[in-house]
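Trainee: okay, predicted coordinates and the sequence, questions at the end:
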Number of protein chains: 2
Amino acid sequence: MVTDEKATSRKPLTRDRVLAAAVELADEAGIEALTMRSLAERLGVEAMSLYHYVANKEDLLDGVCELVLEEINDAVAEQPPATGPDDWQGVMRTRILTARTVVLRHKWLPSVLETRTTMSPATLYYHHDILAIFRAGGFSYDLAHHALHALGSRAIGFTQELFDPAPGSVDEDEAMEAFQQMAAQVPLLVEMLSEVAHEDPESTIGWCDDQTEFEFALDLMLEGLARRLAEEQARR
Amino acid sequence: MVTDEKATSRKPLTRDRVLAAAVELADEAGIEALTMRSLAERLGVEAMSLYHYVANKEDLLDGVCELVLEEINDAVAEQPPATGPDDWQGVMRTRILTARTVVLRHKWLPSVLETRTTMSPATLYYHHDILAIFRAGGFSYDLAHHALHALGSRAIGFTQELFDPAPGSVDEDEAMEAFQQMAAQVPLLVEMLSEVAHEDPESTIGWCDDQTEFEFALDLMLEGLARRLAEEQARR
DNA sequence: ACCTGAACACCGTTCAAGT
DNA sequence: ACCTGAACACCGTTCAAGT
């Protein structure tokens, strides 16, 4: 009668419980810590038991991506709809930035999502909604199709940054020294960095998905798409 | 005296030979086939011997990326310089598309490069040159810095596509049938795909780094950056 | 100095066996 | 039906030992 919510290990295993535990494990310990054995241990079970709920590890990873995309769809569902046909740009912007807040809670998602080979239902649903916003804004299917490709993962709120240092792995003094040494080889990079004056002086363009840079690039794309839309409509 | 060029297995091992063999192996059999054991076998040696030339597998992967980036720098070095200060956009475009031709010869590069945490010398050099083009075009360091972030991996000629099916894994009939079934759930996606009529009808936005889509997005970014530059110069 | 063989600590996954 | 233990075929990597 009185169910003990904490004693999750006593509830029967289900696919959903397995996937939810996998997401928690990845959030807490990183995606490399998500192994069949460690996941089983967290669930108080042997590794082989998991194969009753997931076909194999790939299926597990498909499942955790699906779970996060459902979380994104939920977050996005509370958004206000477009106020008019000319509002597509603002709606798209807040939609993508909302998705991004969810992705930032699951930092491992980009790397896993990029290894998926099929779009899950929740992913299809998300992109269907994105497409609907473009269509409401007056995009032809052809232009909307280019737009979806151009946005790529940015539509889901992330871009895979190149060369982001592992957290805590940066020795600032050492990095600064290394940079001084290559001043002769790459003087412009050194000068640029001394001018923009990051908190982290060693991270040239390698800074994980910083919010400001994300929005800068997103606005560049959205403005560009607006221009392509205007060109398309002028042609008619 | 007469060196047999084919008998590579008899030449003494060097770091360069190890890295070059690793690149070949990845090109031929895919990045997942690049293991210490298989690489050793290709070189006619035991796996443990490799540790005299690379510190560990991460170091090996750093090395193969460095090798490809040197290949990109070589390819790009033959390019004509800018014809004038207003030519930065054209120079940047051909530079990036040239880099892309090299990346397409090493399809595994994107996934490996995105797991690197430090920029190798060749990578720094490449980006230094990109920065030089922006500077010659009149960009402030601040704007050029945003531009480098916005381009991200696109500067090197690739974007990690979401959901590109493994080559040869697509069963067209099966995929088409699956799509018909979800017509009710995602009607706009279905309608869009029937209109744009890909060769591969099942790949919604999942199509690996197609040249047309790459150039569409690249031009969007470059035009956007040109606009930001004009805004910046108007402000002075 | 360069290479090797055996071994260790991990993986994902199979299989037959338990309840 | 659900879970388990032992085992297999892989990994990267260590260590002491060969030449």
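Mentor: Happy to help now that I have it.

Trainee: quickly check: stretch A:31-46 near chain B or not.
Mentor: No: Stretch A:31-46 stays clear of chain B (CB under 8 Å from any CB of the partner chain), getting no nearer than 10.8 Å. From N, CA and C alone the C-beta is placed, and that goes for glycine too.

Trainee: are that stretch and DNA strand C in contact anywhere?
Mentor: Yes: using CB under 7 Å from any atom of the strand, stretch A:31-46 reaches DNA strand C at A:34, A:35, A:36, A:37, A:38.

Trainee: farthest-separated two in these?
Mentor: A:34 and A:37 (10.2 Å; CB to CB).

Trainee: mind checking which of those two has more residues around it?
Mentor: Legend: neighbour count by other CB atoms under 10 Å in any protein chain shown for residue A:34 and residue A:37, higher for residue A:34 (24 against 11).

Trainee: so which of the residues of stretch A:31-46 next to DNA strand C comes closest to residue B:123?
Mentor: For these, the nearest to residue B:123 is residue A:34 (29.4 Å; CB to CB).

Trainee: check contacts around the closest one.
Mentor: A:22, A:25, A:26, A:64 (CB atoms under 8 Å, 6 or more residues apart in numbering or on different chains).

Trainee: hmm, try it at 6 Å
Mentor: Contacts for residue A:34 were tallied using CB atoms under 6 Å, 6 or more residues apart in numbering or on different chains; they are A:22, A:25, A:26.

Trainee: mind putting the residues you listed into TSV with pLDDT and secondary structure?
Mentor: As requested, those are exported to TSV (pLDDT from 0 to 100; DSSP: H, G, I helix; E, B strand; the rest coil):
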residue	pLDDT	secondary structure
A:22	97	helix
A:25	97	helix
A:26	97	helix
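
Trainee: quick one: low-confidence ranges for chain A?
Mentor: Residues of chain A that meet the criterion pLDDT under 70 lie in A:1-11, A:82, A:166-176, A:197-209.

Trainee: what parts of it come near DNA strand C?
Mentor: Looking at DNA strand C, the residues of chain A close enough under CB under 7 Å from any atom of the strand are A:34, A:35, A:36, A:37, A:38, A:47, A:48, A:51, A:56, A:57, A:58.

Trainee: try it again with 10 Å
Mentor: Residues of chain A lying close to DNA strand C (CB under 10 Å from any atom of the strand) are A:32-41, A:46-51, A:54-61.

Trainee: from these, which land in helices?
Mentor: A:36, A:37, A:38, A:39, A:40, A:41, A:57, A:58, A:59, A:60, A:61 (DSSP state H).

Trainee: burial count for the closest residue to residue A:156 other than its chain neighbours?
Mentor: Spatial nearest neighbour of residue A:156, excluding adjacent residues (CB to CB, 6 or more residues apart in numbering or on different chains): residue A:99 at 5.4 Å. Counted with other CB under 10 Å, the neighbours of residue A:99 add up to 23.

Trainee: repeat that for the one 10 residues further on.
Mentor: Using other CB under 10 Å as the criterion, residue A:109 is surrounded by 26 other residues.

Trainee: and residue A:43, by the same measure?
Mentor: 21.

Trainee: in chain A, which helix is the longest?
Mentor: For chain A, the longest helix by residue count, based on DSSP H, is helix A:211-235.

Trainee: tell me what angle that one forms with helix B:211-235.
Mentor: Put simply, helix A:211-235 runs at 100 degrees to helix B:211-235, going by axes from the mean of the first three to the mean of the last three CA atoms, to 10 degrees.

Trainee: helix A:211-235: which residues count as buried?
Mentor: Buried residues in helix A:211-235, defined by neighbour count with 16 or more other CB atoms under 10 Å in any protein chain shown: A:213-214, A:216-218, A:220-225, A:228-229.

Trainee: is stretch A:106-120 positioned near DNA strand D?
Mentor: No: if you take CB under 10 Å from any atom of the strand as the test, stretch A:106-120 misses DNA strand D, and the best it gets is 17.1 Å.

Trainee: what comes into contact with that stretch?
Mentor: With CB under 6 Å, 6+ apart, stretch A:106-120 has contacts from A:26, A:31, A:61, A:65-66, A:68, A:103, A:158, A:160, B:160, B:163, B:165-166.

Trainee: in that stretch, which residues are buried?
Mentor: For stretch A:106-120, a neighbour-count test (16+ other CB under 10 Å) marks A:106, A:107, A:108, A:109, A:110, A:112, A:113, A:114, A:116, A:118, A:119, A:120 as buried.

Trainee: residue A:134 and residue A:144 touch, don't they?
Mentor: Yes: counting by CB atoms under 6 Å, residue A:134 does reach residue A:144; the two are 4.1 Å apart.

Trainee: shared neighbours of those two, anything?
Mentor: Shared contacts of residue A:134 and residue A:144 (CB under 6 Å, 6+ apart): none.

Trainee: what does chain A put close to DNA strand D?
Mentor: Close to DNA strand D, as judged by CB under 10 Å from any atom of the strand, chain A has residues A:11-14, A:17-18, A:37, A:40, A:43-53.

Trainee: circling back: can you redo the buried residues of helix A:211-235 as JSON lines with distance to residue B:189?
Mentor: JSON lines is the format used below for the buried residues of helix A:211-235 (distance: CB to CB, whole Å):
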{"residue": "A:213", "distance to residue B:189": "30"}
{"residue": "A:214", "distance to residue B:189": "25"}
{"residue": "A:216", "distance to residue B:189": "29"}
{"residue": "A:217", "distance to residue B:189": "25"}
{"residue": "A:218", "distance to residue B:189": "22"}
{"residue": "A:220", "distance to residue B:189": "26"}
{"residue": "A:221", "distance to residue B:189": "20"}
{"residue": "A:222", "distance to residue B:189": "21"}
{"residue": "A:223", "distance to residue B:189": "25"}
{"residue": "A:224", "distance to residue B:189": "23"}
{"residue": "A:225", "distance to residue B:189": "18"}
{"residue": "A:228", "distance to residue B:189": "20"}
{"residue": "A:229", "distance to residue B:189": "19"}
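
Trainee: and of those, the nearest to DNA strand C?
Mentor: residue A:214 (30.8 Å; CB to the nearest atom of the strand).

Trainee: how near is the closest one to residue B:230?
Mentor: Look at residue A:214 and residue B:230: by CB to CB, to the nearest Å, they are 23 Å apart.

Trainee: swap in residue A:32?
Mentor: Residue A:32 is 45 Å from residue B:230, by CB to CB.

Trainee: just how off-centre is stretch A:88-105 within its chain?
Mentor: In terms of CA atoms, centre = their mean, to the nearest Å, the gap separating the centre of stretch A:88-105 from the centre of its chain is 11 Å.

Trainee: list the buried residues in it.
Mentor: For stretch A:88-105, the neighbour count (16+ other CB under 10 Å) marks A:88, A:89, A:91, A:92, A:95, A:96, A:98, A:99, A:100, A:102, A:103 as buried.

Trainee: what about stretch A:26-40, start to end distance?
Mentor: One end of stretch A:26-40 to the other measures 13 Å (CA to CA, to the nearest Å).

Trainee: mind listing what's buried along it?
Mentor: A:26, A:27, A:31, A:34, A:36, A:39, A:40.

Trainee: ok, residue A:186 - contacts?
Mentor: Each residue near residue A:186 by CB under 6 Å, 6+ apart is listed here: B:124, B:128.
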